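Trainee: sequence first, then the predicted structure:
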Amino acid sequence: MYMKGMSERSAIPGASGGAVRVRFAPSPTGPLHIGSARTALFNWLFARRRGGVFILRIEDTDAARSKEEFEKDIIDGLSWLGLGWDEGPFRQSERGAHYRKYLEELLAKGDAYYCYCTKEELEAQREALLSQGLPPRYGGRCRSLAAPPEGQAPQAIRFKVPATKVEFNDMIRGKVSFDASLFGDIVIAKNLAAPLYNFTVVVDDALMEITHVIRGEDHLSNTPKQILFQRALGFAEPIYAHIPLILNADRSKMSKRFSDTALLSYRRRGYLPAAVVNFLAFLGWHPKGDREVWPADELAKAFDLAGVQAAGAVFDEQKLNWLNREYMKTMPDEEIVRALGPFFARARLGGGAGQGSGGSAGGAMPSSGKLFAERTDDPEFLRKFVAVERSRADTLADFLEHGKFFFALPDYDAALLVPQGGLREEARAALAAAADALAGIDGREFTREAVAAAVTDVITATGGKRGAVLWPLRTALSGLRASPGPVEIMDVLGKEESLRRVRKALDVV
RNA sequence: GCCGUCAUCGUCUAGUCCGGUCUAGGACGUCGCCCUCUCACGGCGAAAACUCGGGUUCAAAUCCCGAUGGCGGUACCA
């Protein structure tokens, strides 16, 4: 199935035969970023479409910044989105022997050398260059040392960058070229046991036989360096595809400062993984036609890396909201009730933050009280609640946000109970009549139809103005300016609770 | 500063490779109307873009050159 239409785009040089192999290689130095998640998604889609292999590799060479909790966050995030990997997770921290081997090879061949310059010296050099308006790069002082300088310890291992142009063909950007003579000799390792990013990437991509490197555009300028290492080591050059960055509203690289960048916080805020996947896929890409709702499996059949946009894409939460709504529409009430489980559970624990999640959703939920515990535990109550509130929810969290009053008695505001331009006395009369009518319905006959009929009678009896009855009744039930209609609410609440609220409001107005 | 890269409605995009079918299509959002006790849903409708300047051509959103602007990188982070 994935083979269909494979011929059209990129006749891949060097990747003939064999399945494609791609990797997602995040570093566990923070929660999985939404932009990284999209990179993972593009890799995953590409692998699925081409019947290839998707590898997960944790780039934790920076021991000081890498944390186990973040690796867990990455794995949880990918799992949540349904992006399963075929190989891994591999950890660079466990692959030191490989890096050492190739480091030694480079040193032996003379393609790399020990540098004895101290940080201070380098910093001074850098400042000097910068102040002259020159690009700051290493001057090459240790490049051709005959012997180690006496009494000085090696500070780093540098790669001898040849003075050449490096060109490569990016699947998204076309031909890209850099002048390597501007780089200066780059540090590839602190020592044999502490290789650096650009070097480990090259070794791992080669050893893992990666055919396509699909990563963020912020890595574009690393590519020529990596190609140089590949050439020195005799490795095959993978095909590159640098996908555009996800941007803040001001078009700068999406950051915590302006946006919610942690993937999993979208789960906490009540977004559906299918919606997030759909949305992320469309940041920079769109299949043919006008359809907007594409589940992951269909995305995988249509995905075309060469059709990805070259320009960055602004993250528009409103469109995400809309997509999330579209996906929620496809869920039966019962399924939404099930999905709401963790949200109610969290609210029960004390509204919000839970264990280290630091979230906001559900924070205002009335988390105490018998009423709350009973109702969030009652599937039939919840099903009715969902049926009534679902047209108002963008996210799962919205159900809790908008529906608080179903789970606890609202606070009454006398002014709110009186309709705009209406009289207090009229509102009181309407409420009193409603209370009587409601009380007259048999408990077991308290159906939506019966309640609707009773309300209609009250309207007729009090003068026929619908708003004069419906507004006070609804606000008595919800305590809110905006809410579902009174009959709907009462159908969920039941006779006893409905009557209790109407009478309570009667005391206030 | 230097290197690289990008440029269609407010936003995501279709169209650009193979110039005419583009009086530039869709979606989100916005606005208006209908429905309506409120909000939401739903229905109908509207406003809204080819960054600018040259060139090539009978014809350019599409090809070429330049300018401008944005973004990314410039680490012994990844």
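Mentor: Great, that's in hand.
Trainee: A:A432 - nearest residue in space that isn't next to it in sequence?
Mentor: Among residues not flanking A:A432 along the chain, A:L506 sits closest, at 6.2 Å (Cβ to Cβ, 6 or more residues apart in numbering). (Each C-beta comes from the backbone N, C-alpha and C, glycine too.)
Trainee: what is the burial count for that neighbour?
Mentor: 19 (other Cβ atoms under 10 Å).
Trainee: which other helices and strands contact the least confident helix or strand in chain A by mean pLDDT?
Mentor: Averaged element by element with mean pLDDT, DSSP states H and E, chain A has its least confident helix or strand at helix A:370-375 (a mean of 77). Using 3 or more Cβ pairs under 8 Å, 6 or more residues apart in numbering; DSSP states H and E, the elements in contact with helix A:370-375 are helix A:333-348, helix A:379-389.
Trainee: out of those, which comes closest to A:S255?
Mentor: When those are compared by Cβ to Cβ, helix A:333-348 sits nearest A:S255, at 27.0 Å.
Trainee: measure A:D205 to RNA strand B for me?
Mentor: 13 Å (Cβ to the nearest atom of the strand, to the nearest Å).
Trainee: do A:D60 as well
Mentor: 7 Å.
Trainee: does that residue count as helix, strand or coil?
Mentor: State at A:D60, reduced to three classes by DSSP: H, G, I helix; E, B strand; the rest coil: coil.
Trainee: that one against A:E71, yeah?
Mentor: Yes - using Cβ atoms under 8 Å, A:D60 is in contact with A:E71, at 7.3 Å.
Trainee: show me whatever sits in contact with both of those two.
Mentor: A:P28, A:R91 (Cβ atoms under 8 Å, 6 or more residues apart in numbering).
Trainee: now do the domain split for chain A, please.
Mentor: A:21-247, A:332-406, A:414-508 (automatic domain parsing).
Trainee: what residues does the stretch 351-500 of chain A put near RNA strand B?
Mentor: By the rule Cβ under 7 Å from any atom of the strand, the part of the stretch 351-500 of chain A lying against RNA strand B is A:391-392, A:419, A:466-467, A:470-471, A:474, A:481-487.
Trainee: out of these, which are buried?
Mentor: Neighbour counting by 16 or more other Cβ atoms under 10 Å classes A:P419, A:L470, A:W471, A:R474, A:S483, A:P484, A:G485, A:P486, A:V487 among these as buried.
Trainee: and which of these is nearest A:R251?
Mentor: With Cβ to Cβ as the yardstick, the closest approach to A:R251 among these comes from A:S483, at 38.5 Å.
Trainee: what's the pLDDT at that closest one?
Mentor: Note for A:S483: predicted pLDDT of 97.
Trainee: helices along the stretch 151-300 of chain A, start to end?
Mentor: Per DSSP state H, counting those that start in this stretch, the stretch 151-300 of chain A carries helices over the ranges A:197-207, A:223-233, A:263-268, A:273-281, A:296-302.
Trainee: buried set for the last one?
Mentor: It stands for helix A:296-302. For helix A:296-302, by 16+ other Cβ under 10 Å, it's A:A296, A:L299, A:A300, A:A302.
Trainee: quick check: the two most widely separated of the residues of the stretch 351-500 of chain A next to RNA strand B?
Mentor: Longest span within those, Cβ to Cβ: A:S391 and A:P419, 22.9 Å.
Trainee: tell me the secondary structure at the residue nearest to A:A432.
Mentor: Strictly by three-state DSSP, A:L506 counts as helix.
Trainee: try A:G18
Mentor: Per three-state DSSP, A:G18 ends up coil.
Trainee: do the same with A:I441
Mentor: Strictly by three-state DSSP, A:I441 counts as coil.
Trainee: neighbours of it, just the number please.
Mentor: Count around A:I441 with other Cβ under 10 Å applied: 18.
Trainee: hmm, A:V455 is touching A:A437, no?
Mentor: Yes - A:V455 is within contact range of A:A437, at 7.4 Å (criterion: Cβ under 8 Å).
Trainee: okay, those two: which has more neighbours?
Mentor: Neighbour totals were compared for A:V455 and A:A437, and A:V455 leads with 22 against 18 (other Cβ under 10 Å).
Trainee: flag every residue of the stretch 51-200 of chain A that's near RNA strand B.
Mentor: Going by Cβ under 7 Å from any atom of the strand, the residues of the stretch 51-200 of chain A near RNA strand B are A:59, A:61-62, A:65, A:115, A:117-119, A:122, A:126, A:133-138, A:155-156, A:173-179, A:182, A:187, A:190, A:196-198.
Trainee: picking that back up, alpha carbons of the least confident helix or strand of chain A, as PDB, please.
Mentor: Provided in PDB are the C-alpha atoms of helix A:370-375 (Å, rounded to 0.1, in the frame of the first residue of the first chain):
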ATOM      1  CA  LYS A 370     -20.300  14.600  48.100                       C
ATOM      2  CA  LEU A 371     -22.100  15.900  45.000                       C
ATOM      3  CA  PHE A 372     -18.900  16.100  43.100                       C
ATOM      4  CA  ALA A 373     -17.700  12.700  44.000                       C
ATOM      5  CA  GLU A 374     -21.000  11.000  43.300                       C
ATOM      6  CA  ARG A 375     -21.600  12.700  40.000                       C
END
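Trainee: flag every buried residue along it.
Mentor: A:F372, A:R375.
Trainee: quick one: that helix to chain centroid distance?
Mentor: 33 Å (Cα atoms, centre = their mean, to the nearest Å).
Trainee: for the stretch 251-400 of chain A, which spans come out with low pLDDT?
Mentor: A:350-370 (pLDDT under 70).
Trainee: hmm, 50 instead?
Mentor: For the stretch 251-400 of chain A, the stretches flagged by pLDDT under 50 are A:352-364.
Trainee: count of neighbours near A:L122?
Mentor: A:L122 has 18 nearby residues by other Cβ under 10 Å.
Trainee: does it belong to a helix, a strand or coil?
Mentor: Quick answer, by three-state DSSP: A:L122 is helix.
Trainee: so it touches A:Y138, yeah?
Mentor: Yes - counting by Cβ under 8 Å, A:Y138 is a contact partner of A:L122 at 7.2 Å.
Trainee: report the closest residue of chain A relative to RNA strand B.
Mentor: A:G485 (2.5 Å; Cβ to the nearest atom of the strand).
Trainee: the nearest residue to that residue once chain neighbours are set aside and A:Q155, how far apart?
Mentor: The spatially closest residue to A:G485, leaving aside those adjacent along the chain, is A:R474, at 6.3 Å (Cβ to Cβ, 6+ apart). Note on A:R474: its distance to A:Q155, by Cβ to Cβ, to the nearest Å, is 74 Å.
Trainee: now do A:A345
Mentor: Using Cβ to Cβ, A:A345 is found at 53 Å from A:Q155.
Trainee: who has more neighbours, those two?
Mentor: A:Q155 (18 against 12).
Trainee: pLDDT at that one, what is it?
Mentor: Confidence score, pLDDT, at A:Q155: 94.
Trainee: that one touches A:E120, doesn't it?
Mentor: No - applying Cβ under 8 Å, one finds A:Q155 not in contact with A:E120, separated by 10.5 Å.
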